[in-house]
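[1] With the sequence up front, the predicted model follows.
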Amino acid sequence: MFSVINYSTLVLMAVFVAACSSSENRLPIYGERDTVTKEVDGKTVTDTVYYQIPPFQYTNQDSLPVSDKTFAGKIYVADFFFTSCPTICPKMKTQMKRVFDKFKGNPDIMLLSYTIDPRHDTPAVLKEFATSLGVTGQQWQFATGPKEEIFKTGKSYMVVAQDDAGAPGGLLHSGHFVLVDKEKHVRGMYDGTTEEGADRLMADLNRLLAEYEKK
């Protein structure tokens with residue numbers, strides 16, 4: 001069974017996978033792996049099964065359901081934030097807006113921002129926040145729902161999202177952007193507070209798009 005692993009472990013695992021796939025210039029696949037043995041044409045075949053983001057369902061900025069099905073067949077970038085965050089969130093949203101502007105209108109790419117303060121961040125608040133960023137349409141989804149469920153979802157992306165009385169705003173979350181491919185595999189993690197991190201993400205989005213063009 002798959003389980004969430006700590007960040008240092010997943011980095012080591014990603015490096016290992018990257019080394020194994022460098023000849024194809026493919027992005028690494030993060031997370032634990034499992035093996036499945038089956039019979040194919042009378043022969044025993046062992047396949048590698050990679051960690052996938054599990055199903056989820058929340059409510060978006062338009063008060064409509066947003067779930068893993070919304071992103072079926074899409075590459076997407078996920079992050080965690082809250083609209084009243086006084087520290088890293090403004091930097092993160094500045095960088096995510098750069099990503100949005102670069103890939104705006106690309107049917108293969110979506111963005112997903114989960115709020116970790118659902119009590120304040122209602123759909124109406126998220127809608128106002130999206131509008132203030134100049135975001136319209138469905139390519140960038142903002143999700144809200146039960147806080148403990150969102151915290152659990154954060155772990156599934158291998159990032160921190162939790163209450164913390166000692167943190168500004170009483171909430172603590174990772175500043176990472178998480179790149180997810182069309183098969184729900186985590187393919188990259190980036191510092192969402194810096195231009196350099198966003199630039200790496202955008203370069204890797206192009207690499208991932210190229211991977212699918214070769215298939």
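    Yes, it's here. Numbers count the residues shown, from 1 in each chain.
[2] how would you label the spatially most central residue of the chain: helix, strand or coil?
    Centroid-nearest residue in the chain: Ala78, 2.8 Å away (criterion: CA atoms, centre = their mean). State at Ala78, reduced to three classes by DSSP: H, G, I helix; E, B strand; the rest coil: strand.
[3] could you list every residue that touches it?
    For Ala78, the contact set (CB atoms under 8 Å, 6 or more residues apart in numbering) comprises Leu111, Leu112, Ser113, Tyr114, Tyr157, Phe177, Val178, Val180. Every C-beta, even on glycine, is put in place using the N, C-alpha and C of the backbone.
[4] Grab the nearest non-local neighbour of the last one.
    If I follow you right, that is Val180. Nearest in space to Val180, with sequence neighbours left out and distances taken as CB to CB, 6 or more residues apart in numbering, is Tyr76 at 5.3 Å.
[5] and if you look at the fifth one?
    Spatially, and ignoring its direct neighbours in sequence, Tyr157 is nearest to Val178 (4.8 Å; CB to CB, 6+ apart).
[6] and that neighbour, what does it touch?
    Under the criterion of CB under 8 Å, 6+ apart, the neighbours of Val178 are Val77, Ala78, Asp79, Tyr157, Met158, Val159, Val186, Gly188, Met189.
[7] Including distance to Asp199 and pLDDT, could the residues you listed go into JSON lines?
    Shown next, in JSON lines, are those (distance: CB to CB, whole Å; pLDDT from 0 to 100):
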{"residue": "Val77", "distance to Asp199": "13", "pLDDT": "98"}
{"residue": "Ala78", "distance to Asp199": "18", "pLDDT": "98"}
{"residue": "Asp79", "distance to Asp199": "16", "pLDDT": "98"}
{"residue": "Tyr157", "distance to Asp199": "21", "pLDDT": "97"}
{"residue": "Met158", "distance to Asp199": "22", "pLDDT": "96"}
{"residue": "Val159", "distance to Asp199": "20", "pLDDT": "96"}
{"residue": "Val186", "distance to Asp199": "19", "pLDDT": "98"}
{"residue": "Gly188", "distance to Asp199": "13", "pLDDT": "98"}
{"residue": "Met189", "distance to Asp199": "14", "pLDDT": "98"}
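[8] Going by distance to Thr46, which of the residues you listed wins?
    Distances from Thr46 to those, taken as CB to CB, are shortest for Val186 (22.7 Å).
[9] Number of residues surrounding that closest one?
    Neighbour count of Val186, defined by other CB atoms under 10 Å: 24.
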